[in-house]
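> 3D, please:
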Amino acid sequence: QLFDNSRHNISNIVVENVFNTVPHSPPSFRPHRNPHHREETQRLIDEFLEAGMIQESNSPYAAPAFIVPRKDNRPGRLVVDYRALNKITIPDASPLPHMEDLLQELGKGYKYFSRLDLKSGYHQFRIPTADRPKTAFVVSQGHYEFRVLSMGPQNAPAAFQKTMYAVMKSCREFCHVFLDDIIICSKSFDEHINHLKLAFEALAKQKLVLNASKCELAVQQVVVLGHTVSDTTIAPTTDAIQAILDLKEPRTLKETNKFLGGIAYYRKFVPHFSHIAAPIHRISNLTKDRKHLFKWTVEHSNAFHALKHLLTTAPLFLHFPVDDFPLHLATDASGTATGGVLFQDVNGERHNLFYHSKVLSPIEQKYSVPEKEALAIYHCLQRMRTLVLGRTVYIHTDHCPICGMLRKPVNNRRIERVANLIQEYRIAEMKHINGKSNCLADYLSRPSDDPLFDVDYGLESKLPCSTSSNLPNPCQPSKNIVAYMTLRPRQKIPAPGISSLDQDDDSSDVTSCTSEDSFITCSPLITTTPSPNVFDSNQLSHEQAQDPAINRIISQLNHSTHPDSTLSSSFIIKSGILHKFITLTPKSKRRLCVPYLPSSMIRSLLTAIHDDPFQGGHFSIDKMMSKI
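Predicted coordinates for the structure are as follows:
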């Protein structure tokens with residue numbers, strides 16, 4: 001009887017509190033006119049009447065019903081429009097299981113799975129006689145009301161879930177329920193057979209019937225909520241991916257949101273998701289009164305096809321965490337987004353558990369580099385909370401100054417706030433890794449065609465050392481002015497093992513921050529140039545020689561027997577480079593002697609000082625002027 005699908009089954013279970021409503025006038029509507037489905041509608045009405053699922057009604061309620069066709073020429077489904085009833089219904093606050101929590105529960109080393117599916121699950125549960133008038137619906141053939149739970153009322157899913165929890169209460173140790181899907185999981189075959197017997201007994205006790213064609217018994221991988229789950233991995237199903245690939249290129253706002261909603265369901269499998277989808281997100285967030293601004297361009301088309309390409313080429317699977325090994329979280333931030341990957345090293349093999357990337361808001365994009373790197377850690381921990389909470393985790397970042405933020409106070413309110421917010425996690429250590437060892441997290445935080453990838457970060461810092469004699473070797477300490485000024489560690493207390501930029505020994509790379517004063521001193525030997533804004537004293541001298549205005553000043557200073565007193569008091573030539581005496585403020589008595597920058601190098605200097613991701617940032621007018 002458990003698999004008897006020859007007739008509609010109604011169990012002994014009565015579902016309460018589905019139709020609690022506020023005081024109201026009963027909503028009623030005329031039936032929809034659809035002569036093409038008239039015969040199909042009549043067939044379903046007769047079938048439901050014979051099964052005892054509906055009865056004729058005299059209720060003041062009347063919701064319109066209609067037929068929704070199915071694929072493969074199967075009989076259509078009778079659907080009732082309960083939107084008016086839902087507006088006056090008091091919502092049931094009972095939650096449905098979270099999809100990711102359910103999937104992670106299945107990743108605890110189970111070897112055998114079974115998936116049980118109820119036959120027309122809602123229609124197997126009765127509703128109280130007093131609630132039946134509120135379910136009344138109309139078709140061209142008449143006025144009817146349900147005697148069983150129907151699809152459409154807003155509290156029906158919560159009531160169904162609570163009822164199934166109660167039915168399977170005796171099997172909770174090995175059974176997971178999501179509405180009418182029941183998942184049985186076991187660690188051995190004999191144990192699984194015993195678990196199935198207990199589950200069948202619990203269902204038979206309530207006279208529930210399963211849909212034999214949709215059940216899977218004692219398999220080693222099972223399809224759950226659009227994912228294929230095995231003992232060690234989780235992956236999206238081929239059918240689900242194909243459904244997204246079959247979508248045509250959007251031309252309306254509605255189609256765009258449909259595509260994003262479908263593909264975002266699997267974003268945890270797709271590195272770099274937020275960056276590639278960013279152009280589409282910008283036009284999908286339009287409100288109704290601004291939807292006329294929607295315009296699909298080549299940029300959006302490229303993003304659309306790039307996302308589809310990732311779904312067919314990327315290794316779309318993730319591992320389940322192994323309890324005996326600690327977690328590792330590698331994070332990174334760019335000028336536009338944060339990203340990270342959660343992984344484990346299991347017997348020398350790397351298992352990726354979760355990818356995350358998030359586009360920064362316009363305000364967050366203005367944060368300083370340390371603030372963005374701290375924000376990346378917070379974003380990743382929050383998104384991966386269910387995986388990380390209660391487990392030991394090591395955090396890897398390529399930005400050394402934030403490695404000590406959990407050990408001592410930081411003179412930055414945003415970083416200090418992040419440090420306080422992440423204290424609930426069991427963080428064993430924050431480790432510093434060099435940039436080229438943090439490739440995946442860096443990839444997640446920036447698009448490959450992002451101009452910031454080359455300008456802000458320095459592409460050479462992600463590449464192996466150049467051996468070409470025609471190019472500067474990025475593995476040697478740079479002596480250029482801008483790199484020296486913007487990248488040299490500001491060491492207040494010398495720390496052992498930390499090399500300054502003035503040293504030529506390149507064998508003392510620091511890969512972890514162990515000094516107590518690491519927040520201000522744990523900077524390794526700078527071996528790369530942060531951006532293409534490179535110029536040294538030779539280049540400065542060359543550029544000055546090409547500048548007509550500077551040439552005139554140098555000529556007057558060098559060749560005039562009696563140079564102008566104003567000129568000689570304002571300029572001086574040192575080592576072949578023209579310098580100028582300046583004061584930072586009009587009232588200041590302190591004069592500084594600085595190189596006189598030719599107009600051709602002004603943009604490079606400002607970019608290096610203001611936009612460079614290592615030591616750039618706009619803090620205040622006075623500080624910026626002093627820095628320049």
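> make it CA atoms for all contacts and neighbour counts henceforth
Fine.
> Can you list the neighbours in contact with stretch 172-188?
96-97, 102, 106, 109-118, 121, 157, 160-161, 164-165, 168, 192, 195-196 (C-alpha atoms under 8 Å, 6 or more residues apart in numbering).
> Please list only the buried members of the residues you listed.
Buried subset of the contacts of stretch 172-188 (neighbour count, 16 or more other C-alpha atoms under 10 Å): 102, 106, 109-118, 121, 157, 160-161, 164-165, 168, 192, 195-196.
> Give me the subset of those residues lying in helices.
If you go by DSSP state H, the buried ones among the contacts of stretch 172-188 have Leu102, Pro157, Phe160, Gln161, Met164, Tyr165, His192, His195, Leu196 in helices.
> what are the ranges of the helices in the stretch 151-300 of the chain?
156-167, 189-205, 238-245, 253-264, 273-284, 298-313 (DSSP state H, counting those that start in this stretch).
> Make CSV from these and add distance to Leu225 to it.
Converted to CSV, the helices of the stretch 151-300 of the chain look like this (distance: least, C-alpha to C-alpha, whole Å):
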stretch, distance to Leu225
helix 156-167, 15
helix 189-205, 20
helix 238-245, 10
helix 253-264, 13
helix 273-284, 21
helix 298-313, 18
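> lowest-confidence stretch among those helices?
Of all the helices of the stretch 151-300 of the chain, mean pLDDT reaches its minimum on helix 238-245 (a mean of 67).
> quick one, phi/psi of Lys408?
phi -150, psi 160 (degrees, to the nearest 10).
> what's the burial count for it?
13 (other C-alpha atoms under 10 Å).
> now do Ser575
So Ser575, with other C-alpha under 10 Å, has 8 neighbours.
> who's in contact with it?
Ser575 neighbours (C-alpha under 8 Å, 6+ apart): none.
> how much space is there between it and Val594?
Separation of Ser575 from Val594 (C-alpha to C-alpha, to the nearest Å): 13 Å.
> same check, this time on Ala93
In terms of C-alpha to C-alpha, Ala93 sits 68 Å off from Val594.
> who's more crowded, these two?
Remark: of Ala93 and Val594, Val594 carries more neighbours, 14 against 8, as counted by other C-alpha under 10 Å.
> Identify the residues contacting the helix or strand where that one lies?
Taking DSSP states H and E as the definition, Val594 sits inside strand 592-595. The set of residues that contact strand 592-595 without belonging to it, under C-alpha under 8 Å, 6+ apart, is Ile577, Leu578, His579, Lys580, Phe581, Ile582, Thr583.
> And stretch 53-71, by the same measure?
With C-alpha under 8 Å, 6+ apart, stretch 53-71 has contacts from 10, 26-32, 34, 37, 40-41, 48-49, 75-82, 84, 123, 133-139, 142-148.
> Report the beta-bridge partner residues of the closest residue to Ile572 other than its chain neighbours.
Leaving aside its chain neighbours, Ile572 sits nearest to His579 (5.3 Å; criterion: C-alpha to C-alpha, 6 or more residues apart in numbering). His579 has these beta-bridge partners by DSSP bridges: Ile572, Pro595.
> Assess the claim that His579 and Ser568 are in contact.
No - contact between His579 and Ser568 fails when scored by C-alpha atoms under 8 Å: they sit 10.9 Å apart.
> are any of the contacts of stretch 53-71 buried, and which?
Buried among the contacts of stretch 53-71 by 16+ other C-alpha under 10 Å: 10, 28, 31, 40-41, 48, 76, 80-82, 123, 133-139, 143-148.
> Narrow those to those in strands?
Val80, Phe137, Val138, Val139, His143, Tyr144, Glu145, Phe146 (DSSP state E).
> Would you show me how to pick out the buried ones of the contacts of strand 592-595 in PyMOL?
Command for PyMOL that selects the buried part of the contacts of strand 592-595, burial taken from 16+ other C-alpha under 10 Å:
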select buried, resi 577+578+579+580+581+582
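> ok so, going back, average model confidence for the strand holding Val594?
Rounded mean pLDDT across strand 592-595 is 83.
> show me where pLDDT drops low in the stretch 51-200 of the chain?
71-72 (pLDDT under 70).
> scratch that, the stretch 251-400 of the chain is what I was asking about
In the stretch 251-400 of the chain (pLDDT under 70), the answer is 262, 264-272, 274, 285-289, 291-292, 311-317.
> all strands for it, in order.
318-319, 327-333, 337-346, 349-359, 392-397 (DSSP state E, counting those that start in this stretch).
> where does the stretch 401-550 of the chain dip in pLDDT?
For the stretch 401-550 of the chain, counting by pLDDT under 70, the residues that fall below are 434-536.
> and with 50 instead?
Applying pLDDT under 50 to the stretch 401-550 of the chain picks out residues 443, 447-533.
> sorry, back to before: would you tell me which one of the strands of the stretch 251-400 of the chain is buried the most?
strand 327-333 (a mean of 28; mean count of other C-alpha atoms under 10 Å).
> Between strand 349-359 and it, find me the angle.
Relative orientation of strand 327-333 versus strand 349-359 (axes from the mean of the first three to the mean of the last three C-alpha atoms, to 10 degrees): 40 degrees.
> same for strand 327-333, what does it pack against?
strand 337-346, helix 369-383, strand 392-397, helix 439-445 (3 or more C-alpha pairs under 8 Å, 6 or more residues apart in numbering; DSSP states H and E).
> can I get these in JSON lines with distance to Thr232?
Listed next are the helices and strands packed on strand 327-333 as JSON lines, based on distance: least, C-alpha to C-alpha, whole Å:
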{"stretch": "strand 337-346", "distance to Thr232": "12"}
{"stretch": "helix 369-383", "distance to Thr232": "21"}
{"stretch": "strand 392-397", "distance to Thr232": "20"}
{"stretch": "helix 439-445", "distance to Thr232": "22"}
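> Asn412 is nearest to which of these?
The closest of those to Asn412 is helix 369-383. By C-alpha to C-alpha, the value is 8.3 Å.
> Which parts of the closest one count as buried, going by neighbours?
Neighbour-count burial for helix 369-383 [16+ other C-alpha under 10 Å]: 369-381.
> can you dump the C-alpha coordinates of stretch 174-184 into CSV?
These are the backbone C-alpha positions of stretch 174-184, laid out as CSV (Å, rounded to 0.1, in the frame of the first residue of the first chain):
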residue,chain,number,x,y,z
PHE,A,174,19.1,9.7,9.8
CYS,A,175,16.2,11.4,8.0
HIS,A,176,16.0,14.9,6.5
VAL,A,177,12.7,16.4,5.2
PHE,A,178,12.2,19.2,2.8
LEU,A,179,8.4,19.5,2.1
ASP,A,180,7.5,16.3,0.2
ASP,A,181,11.1,15.1,-0.3
ILE,A,182,12.4,12.8,2.3
ILE,A,183,16.2,12.0,2.4
ILE,A,184,17.4,8.9,4.2
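> can you list the strands of the stretch 251-400 of the chain in a markdown table and add distance to Gln546?
Converted to a markdown table, the strands of the stretch 251-400 of the chain look like this (distance: least, C-alpha to C-alpha, whole Å):
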| stretch | distance to Gln546 |
| --- | --- |
| strand 318-319 | 58 |
| strand 327-333 | 39 |
| strand 337-346 | 40 |
| strand 349-359 | 43 |
| strand 392-397 | 43 |
